[in-house]
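Undergrad: Need coordinates for the following:
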Amino acid sequence: MTSDARAPDLPIRVVVVEDDPKFRAAFVTAIRAAPDLALAGVATLRVEALELLQGPAAEVLLVDLGLPDGSGIDVIRGAQQAWPGCEVVVTTAFADEAHVMQAIEAGACGYLLKDSSPENIVDEIRSLHRGGSPISPLIARRVLQRLRSPAPAPGAVVPPQEAGGSAALSAREAEVLELVAKGFAYDEIATRMAVTRHTVLTFVRRIYAKLEVSSKMEAVNEARRKGLLPR
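TA: Reported below is the predicted structural model:
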């Protein structure tokens, strides 16, 4: 047996990189409750995650892409270098093609949206460790569409997206974005709209995908630029 071989009866070491306190707590609780998993570390920031990569290697890394101090893509790339045997699963609200392809190209083996339950995340960790590639159905569809779509011809000019096209927001999406622009937190938006936090995050994910952005500020600025929000 080599020095880095893992005994089959040892728990799977998992590191969680997540800034949202509710999701982070749910992931941590689910992992600690699973007898075959072990929580090896928790980070809430990009810089904290990169510091964890300097320590003992984990076997599975759960990483959010939208961290307060940078992109989780940097953490994925760092894990590929520091922990080459570690399997990476993205857990995020970003469903747009750009984030999906960047994460996969950086080395992610799975891509799950935050509508997955913590219990499902645990099952996906086990699947990943057995050689699977957990991926949310919406993301699988996006990847397949990308593979089926022909690439633009060299030198071809791709017309810009118009505000009245696929970037147009629904009434509820526009309402969410207006509240975000006013500084309301997701929990406050959920209360004002009489919906769940999960529903608000679903609206946010759709907004990001339609506007092709990756942060609240970018979403607000892009929506105003396109005339979808008042300035």
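Undergrad: Only the buried residues of the longest helix along the chain, if you could.
TA: Determined from DSSP state H, the single longest helix within the chain is helix 197-211. By neighbour count with 16 or more other CB atoms under 10 Å, helix 197-211 contains the buried residues 197, 199-211. For glycine as for every other residue, the C-beta is placed from the backbone atoms N, C-alpha and C.
Undergrad: In terms of pLDDT, where does the spatially most central residue of the chain sit?
TA: Closest to where the C-alpha atoms of the chain average out (CA atoms, centre = their mean) is residue 92, at 2.0 Å. On the pLDDT scale, residue 92 is placed at 84.
Undergrad: Distance of it relative to residue 178?
TA: Using CB to CB, to the nearest Å, residue 92 is found at 23 Å from residue 178.
Undergrad: Residue 99 too?
TA: For residue 99, the distance to residue 178 equals 24 Å [CB to CB].
Undergrad: Also residue 22?
TA: The value you get for residue 22 to residue 178, if CB to CB is used, is 23 Å.
Undergrad: Tell me which of these two has more neighbours.
TA: residue 178 (17 against 12; other CB atoms under 10 Å).
Undergrad: Cross-check the contact I'm expecting between that one and residue 220.
TA: No - contact between residue 178 and residue 220 fails when scored by CB atoms under 8 Å: they sit 9.1 Å apart.
Undergrad: quick revisit: identify the residues contacting the longest helix of the chain?
TA: 22, 93-96, 113-115, 166-170, 172-173, 176-177, 180, 186-187, 189-190, 193, 214, 218-219, 222-223, 226 (CB atoms under 8 Å, 6 or more residues apart in numbering).
Undergrad: please redo it, this time with the cut-off set to 7 Å
TA: Outside helix 197-211, the residues that touch it by CB atoms under 7 Å, 6 or more residues apart in numbering are 93-96, 113-115, 166-167, 169, 172-173, 176-177, 186-187, 189-190, 214, 219, 222-223.
Undergrad: Buried ones only from these, please, as a PyMOL command.
TA: Only the buried entries of the contacts of helix 197-211 go into this PyMOL selection, using 16+ other CB under 10 Å:
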select buried, resi 93+94+95+96+113+114+167+169+173+176+177+186+189+190+214+219+222+223
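Undergrad: mind listing which of the contacts of helix 197-211 are in strands?
TA: Judged by DSSP state E, those include residue 113 as members of strands.
Undergrad: residues bridging contact with residue 178 and residue 220, i.e. touching both?
TA: residue 229.
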